[in-house]
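*Asks:* pasting the structure only:
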């Protein structure tokens with residue numbers, strides 16, 4: 001049982017579990033293979049590093065990025081000792097570390113890793129190698145996450161030129177780079193351009209991979225996301241439904257990537273205020289996410305938050321209907337605080353990584369109980385700072401909600417403190433022209449004016 005060939009078979013089984021979204025089972029297989037490989041080849045063989053790297057990749061997909069980085073660093077130490085600092089496999093492991101840092105929102109650290117990997121690959125493989133293009137593309141992804149979308153587009157254009165020259169116009173990796181360009185345009189709010197790029201990528205992927213490939217589903221899905229961003233939710237639902245059929249056929253009903261599309265359909269219904277349909281889809285998605293990703297995964301937490309919000313909205317609507325039926329001659333009461341605070345983040349963001357604390361805070365805000373809202377938001381903020389860092393967009397969103405609550409209470413000094421911190425983060429991560437950055441700037445200016453007028 002200690003032959004490396006047996007370990008390879010077990011690794012292949014683990015990879016199959018990973019493809020099915022069964023990451024705990026995959027990690028179990030990789031650990032078995034690791035024990036066999038260590039016994040057969042020793043602790044410092046590159047084959048050991050390969051298996052450790054596989055474990056890291058599985059953790060990364062589960063959202064356990066710190067554990068992933070630990071595995072990647074172990075693999076990196078082995079590869080450097082066995083192969084030298086300038087081997088392409090060393091560059092691959094460094095690149096994996098960069099990706100994990102990117103998922104954590106540690107974009108500066110990710111860029112350092114990708115730059116190291118790029119230097120090694122250029123020296124070892126040449127300027128025009130596809131792996132060089134992959135690293136340049138990874139840099140583009142991180143720049144996009146920082147809100148530096150123009151820089152991202154420059155990187156993707158460079159990667160596209162290399163891939164077209166090396167692989168031809170119809171290669172799936174060319175489609176991936178065109179797809180990334182589309183995503184960057186979408187992040188700039190240029191959704192029509194994004195749809196054009198996604199359509200090009202879709203044509204290549206269909207021709208190269210067939211109509212039923214998961215990457216085809218991903219492209220259709222992102223066309224739907226672009227339509228949703230344009231407010232064309234019916235068109236979005238059509239695209240999501242097409243993508244869902246492909247993913248179910250290719251990956252099964254219980255795969256996390258299937259769940260993400262179901263959640264997006266729920267989100268489209270949510271924006272249409274069709275809360276019953278939204279709840280139906282959120283519940284379906286949540287069951288899959290809890291089973292495959294776990295209770296604490298960001299996608300699970302976000303879907304739970306959206307579900308609770310819709311349930312609360314339906315309950316409020318029910319109470320309003322009851323009140324109207326019991327008192328048909330009473331006019332609706334209106335509450336106006338006189339504070340023109342921009343709350344687009346609370347109501348319009350689809351990026352909120354909120355939990356029950358965040359939803360409870362929003363509910364208290366909606367009831368005008370801003371002191372209680374601040375307590376809930378502060379709990380959520382502590383979690384985000386610990387898990388995501390001080391400068392993550394989700395952290396900034398919760399801080400923004402705290403600022404709004406302070407402003408509504410008339411505590412403009414504390415509101416200015418919150419809005420100022422949020423503005424710094426959003427200018428850095430999202431850019432000056434992003435709607436969330438602009439809403440924060442408006443709120444900061446309003447609070448500052450209130451202090452002056454006191």
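*Replies:* Received, thanks. Just so it is clear, the model here is predicted, and its values are computed rather than measured.
*Asks:* name the element residue 295 belongs to?
*Replies:* Counting by DSSP states H and E, no helix or strand carries residue 295.
*Asks:* do the same with residue 415
*Replies:* helix 412-429.
*Asks:* Compute the inter-axis angle for whichever helix or strand comes after that helix and helix 412-429.
*Replies:* Next in sequence after helix 412-429, counting helices and strands by DSSP H and E, comes helix 435-453. Helix 435-453 and helix 412-429 are oriented at 150 degrees to each other (axes from the mean of the first three to the mean of the last three C-alpha atoms, to 10 degrees).
*Asks:* Now do helix 435-453: distance to the chain's middle.
*Replies:* Distance, stretch centre to chain centre, for helix 435-453: 28 Å (C-alpha atoms, centre = their mean, to the nearest Å).
*Asks:* cool, stretch 105-118 as well?
*Replies:* Here the centre of stretch 105-118 is set off from its chain's centre by 18 Å, with C-alpha atoms, centre = their mean.
*Asks:* do stretch 173-183 as well
*Replies:* Using C-alpha atoms, centre = their mean, the offset of stretch 173-183 from its chain centre is 17 Å.
*Asks:* element containing the residue lying closest to residue 224 once chain neighbours are set aside?
*Replies:* Sequence neighbours aside, residue 239 is the residue nearest to residue 224 in space, at 3.1 Å (criterion: C-beta to C-beta, 6 or more residues apart in numbering). (C-beta placed from N, C-alpha, C; glycine too.) Assessed by DSSP H and E, residue 239 sits inside helix 233-251.
*Asks:* Next, the buried residues of the helix or strand that that helix is followed by.
*Replies:* Going down the chain from helix 233-251, the next helix or strand is helix 256-271, by DSSP H and E. Residues of helix 256-271 classed as buried by neighbour count (16 or more other C-beta atoms under 10 Å): 256-270.
*Asks:* immediately after helix 256-271, which helix or strand?
*Replies:* Remark: after helix 256-271, the chain's next helix or strand is helix 275-292, criterion DSSP H and E.
*Asks:* where does this structure have its least confident helix or strand?
*Replies:* helix 344-348 (a mean of 37; mean pLDDT, DSSP states H and E).
*Asks:* how many neighbours does residue 412 have?
*Replies:* A count of nearby residues for residue 412, using other C-beta atoms under 10 Å, gives 22.
*Asks:* quick one: it and residue 126, what's the gap?
*Replies:* To residue 126, residue 412 is 59 Å away according to C-beta to C-beta, to the nearest Å.
*Asks:* same deal with residue 89?
*Replies:* 17 Å.
*Asks:* ok, those two, which is more surrounded?
*Replies:* When residue 89 and residue 126 are compared for neighbours, residue 89 comes out ahead with 21 against 11, by other C-beta under 10 Å.
*Asks:* pLDDT at the more buried one, what is it?
*Replies:* Residue-level confidence at residue 89 comes out at 94, pLDDT.
*Asks:* what's it in contact with, if anything?
*Replies:* Contacts of residue 89 were listed using C-beta atoms under 8 Å, 6 or more residues apart in numbering, and they are 46, 49, 79, 83.
*Asks:* Residue 310: which of the residues you listed is nearest?
*Replies:* Distances from residue 310 to the contacts of residue 89, taken as C-beta to C-beta, are shortest for residue 49 (46.3 Å).
*Asks:* Just confirm the closest one contacts residue 80, I think it does.
*Replies:* No: applying C-beta atoms under 8 Å, one finds residue 49 not in contact with residue 80, separated by 9.5 Å.
*Asks:* The two - which one has more neighbours?
*Replies:* More neighbours surround residue 49 than the other of residue 49 and residue 80, with 26 against 17 (other C-beta under 10 Å).
*Asks:* So the more buried one, which state does it fall into?
*Replies:* The three-state label given to residue 49 by DSSP: H, G, I helix; E, B strand; the rest coil is helix.
*Asks:* can you pull the contacts of it?
*Replies:* Going by C-beta under 8 Å, 6+ apart, residue 49 touches 74-76, 78-79, 82, 89, 93.
*Asks:* tell me the pLDDT at residue 14?
*Replies:* Note on residue 14: pLDDT of 87.
*Asks:* Contacts for stretch 425-443 next, please.
*Replies:* With contacts defined as C-beta under 8 Å, 6+ apart, stretch 425-443 is touched by 107, 145-149, 189, 341-342, 344-345, 349, 390-393, 395-397, 399-400, 403-404, 407, 415, 419, 422-423.
*Asks:* are any of these buried, and which?
*Replies:* By neighbour count, with 16+ other C-beta under 10 Å, the contacts of stretch 425-443 hold 107, 145-149, 341-342, 345, 391-393, 395-397, 399-400, 403-404, 407, 415, 419, 422-423 as buried.
*Asks:* Just the ones of those residues in helices?
*Replies:* Under the assignment DSSP state H, the buried ones among the contacts of stretch 425-443 contribute 107, 145, 149, 345, 393, 395-397, 399-400, 403-404, 407, 415, 419, 422-423 to helices.
*Asks:* could you point out where this protein is predicted with low confidence?
*Replies:* 1-2, 319-357, 359, 363, 387-388, 454 (pLDDT under 70).
*Asks:* can I see the domain layout of it?
*Replies:* Split into domains by automatic domain parsing, the chain comes to 1-125, 339-453.
*Asks:* any chance of those in a markdown table, plus distance to residue 213?
*Replies:* Formatted as a markdown table, the domains of the chain follow (distance: least, C-beta to C-beta, whole Å):
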| stretch | distance to residue 213 |
| --- | --- |
| domain 1-125 | 13 |
| domain 339-453 | 26 |
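*Asks:* Looking at these, spot the one closest to residue 164.
*Replies:* Among those, the nearest to residue 164 by C-beta to C-beta is domain 1-125 (17.3 Å).
*Asks:* Farthest-apart pair in the contacts of residue 89, please.
*Replies:* Using C-beta to C-beta for every pair in those, the one that comes out farthest apart is 49 and 83, at 8.8 Å.
*Asks:* Name the single longest helix found in the chain.
*Replies:* Counting residues, the longest helix found in the chain (DSSP H) is helix 298-326.
*Asks:* re the thing from before, can you pull the contacts of the residue nearest to residue 224?
*Replies:* Residue 239 neighbours (C-beta under 8 Å, 6+ apart): 220-221, 223-224, 227.
*Asks:* Show me which of those is closest to residue 117.
*Replies:* For the contacts of residue 239, the residue nearest residue 117 by C-beta to C-beta is residue 221; the value is 28.7 Å.
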